[in-house]
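A.B. asks: dropping the sequence and predicted coords here.
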Amino acid sequence: MTNRPQELSAGGDCAHAGQGHRDACLLRIGRAVAFSLAAFRQAFAGGRDLGAQDTVLIAGAACEMHPSALLKGVALRSVAEALAQATARARSAGASVLPAIEAEGVVFDGATAVERAAELLGRGAVR
C-alpha cells in the first residue's frame with residue numbers, strides 16, 4: 001500500500017474526504033492532535049489506508065474515543081461545512097494536495113511538504 005498525496009476536492013466534497021473530514025470532526029471535540037498522530041502512525045508505520053474505516057476506528061481507539069461517537073461525529077453536517085471552509089482556505093493559500101503546511105508564509109503541499117517546510121524552518125533557525 002502506498003500513501004499518495006490526497007487531492008483537495010473542488011467543492012469541499014465531504015463524502016470522500018477521508019482524513020480531512022475526520023480531523024474537522026475531531027477539532028470540535030478537542031482530540032484532533034491525538035487522533036492525527038495516531039492515524040499517521042497507522043498510515044506511515046503500519047502502511048494502513050487513511051480512507052479505510054477500520055484505520056479510523058483503530059486510531060480513535062488509541063485516543064480513547066468510542067467507535068460509535070467517532071462515526072456519528074464524522075457524519076455531522078457541521079463537520080462537512082468546517083471541512084469545506086478549511087478546503088477553501090487551503091486552496092486560496094495555494095495548496096492543491098494534502099498534506100499541506102504553511103511555514104513562514106510559504107505553502108508546501110504534497111508528499112514532501114513536511115520535509116520542505118522543516119528545511120525552510122531549519123535554515124531560519126541558523127540565521
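C.D. replies: Alright, I've got the coordinates. Residues are numbered from 1 along each chain as shown.
A.B. asks: and residue 120, how many neighbours?
C.D. replies: Residue neighbour count, defined by other C-beta atoms under 10 Å, stands at 14 for residue 120. Bear in mind the C-beta positions are built from the backbone N, C-alpha and C, glycine included.
A.B. asks: what do you get for residue 31?
C.D. replies: Counted by other C-beta under 10 Å, the residues lying close to residue 31 total 19.
A.B. asks: cool, and residue 95?
C.D. replies: For residue 95, using other C-beta under 10 Å, the count is 20.
A.B. asks: quick one: what helix or strand has it in it?
C.D. replies: Using DSSP states H and E, residue 95 is not contained in any helix or strand.
A.B. asks: that one and residue 60: what is the separation?
C.D. replies: Distance from residue 95 to residue 60, counting by C-beta to C-beta, to the nearest Å: 26 Å.
A.B. asks: any idea of the mean pLDDT in whichever helix in the chain runs longest?
C.D. replies: In the chain, assigned by DSSP state H, the helix with the most residues is helix 77-93. Looking at helix 77-93 alone, the average pLDDT works out to 86.
A.B. asks: got the buried residues for it?
C.D. replies: Neighbour-count burial for helix 77-93, with 16 or more other C-beta atoms under 10 Å as criterion, is recorded at 79, 80, 82, 83, 84, 86, 87, 90.
A.B. asks: let me know whether the last one touches residue 102 as I believe.
C.D. replies: This points to residue 90. No - assessed by C-beta atoms under 8 Å, residue 90 is found out of contact with residue 102, at 9.0 Å.
A.B. asks: where does residue 96 land on pLDDT?
C.D. replies: At residue 96 the predicted local confidence, pLDDT, stands at 88.
A.B. asks: cool, and residue 67?
C.D. replies: In this prediction, residue 67 carries a pLDDT score of 92.
A.B. asks: now do the phi/psi pair for it.
C.D. replies: Backbone torsions of residue 67, given as degrees, to the nearest 10, read phi -60, psi -40.
A.B. asks: these two touch, right, it and residue 57?
C.D. replies: Yes - with contact taken as C-beta under 8 Å, residue 67 and residue 57 are classed as touching, separated by 5.1 Å.
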